[in-house]
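> what's the 3D shape of this:
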Amino acid sequence: MTAYDMKEYQVNGPGWLDTERYDILVKLPAGATKKQVNAMWQSLLAERFGLMLHHEPKEFQVEELVVGKNGAKLKETAVDPAAELDPGPPKFKDGELSGPGFVTTIMANGQAHTVAKAQTLSRLTTLLGGQLHRPVLDKTGLTGKFDFGIEFKMDLRRFGPPQGGPGPAPADSAADPGPDLVAAIEQQLGLKLVSAKAKLDVLVIDKAEKVPTDN
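Numbers count the residues shown, from 1 in each chain. Now for the predicted structure:
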């Protein structure tokens, strides 16, 4: 997914891709761009795992993120562009996000709070896609970076019960569970989802070895 800049639903391959785990230690040259790093990952996968693949289009049921009738409620970021180059983890000051980042906090009852600073809407579509289990495409036409927060009720059922213990509390067990994520983005961000169909690029893995070549 990282090497080819794809989402999980855009990768079609053997089932063991979701179960096998690896430790990979690499060194990147200073100043390498994202495009160059992705090309390095592609080379590593081909050389060490014998990865062979091809692209093909596939039609998906999707949700399109659009601006609501009353306009978007997003604040353009005031973060210093130089701070956005810092590759480290999100930084906090007095419990608040002080630099670029995208953080979601989830309580045991399903209450969730997402705070974003200096982020494009692609981070939001990723969050939405994970909750809805289908692709979410940004059709807002908003290309800047924004600061925003969302309070919503997360569906914890998809995580399943932990081993050896009871399952998570139902998301609607709170006295005031609040809106789900779809309703929250409309109420709090002025954005909405529209169902549609779209053809997306899919990576089909033709060959890959479970065991990489020796160092």
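
> Could I get the full set of helices for the protein?
All helices of the chain, identified by DSSP state H, fall at 34-49, 122-132, 181-189.

> Pull the distance from the longest one to the chain's centre.
Remark: helix 34-49 is offset 21 Å from the chain centroid, using C-alpha atoms, centre = their mean, to the nearest Å.

> hmm, who's touching it?
Contact with helix 34-49 is made by 2-5, 24, 26, 28, 32, 51-52, 208-209, 212-213, as judged by C-beta atoms under 8 Å, 6 or more residues apart in numbering. Any C-beta I mention is one placed from the backbone N, CA and C, and that applies to glycine too.

> ok now stretch 125-137, how far from the chain's centre?
Taking the mean of its C-alpha atoms, stretch 125-137 sits 8 Å from the chain's own mean (C-alpha atoms, centre = their mean).

> Of all the helices of the chain, which one comes closest to Pro100?
Nearest to Pro100 among the helices of the chain is helix 122-132; the distance by C-beta to C-beta comes to 10.5 Å.

> Dump the C-alpha coordinates for that closest one into CSV.
Extracted as CSV, the C-alpha positions of helix 122-132 are listed here (Å, rounded to 0.1, in the frame of the first residue of the first chain):
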residue,chain,number,x,y,z
SER,A,122,-7.5,12.8,2.3
ARG,A,123,-6.9,12.0,6.0
LEU,A,124,-10.7,12.5,6.7
THR,A,125,-11.6,10.2,3.7
THR,A,126,-9.3,7.5,5.1
LEU,A,127,-11.0,7.7,8.5
LEU,A,128,-14.5,7.6,6.8
GLY,A,129,-13.5,4.7,4.6
GLY,A,130,-12.3,2.7,7.6
GLN,A,131,-15.6,3.2,9.4
LEU,A,132,-17.8,2.6,6.4
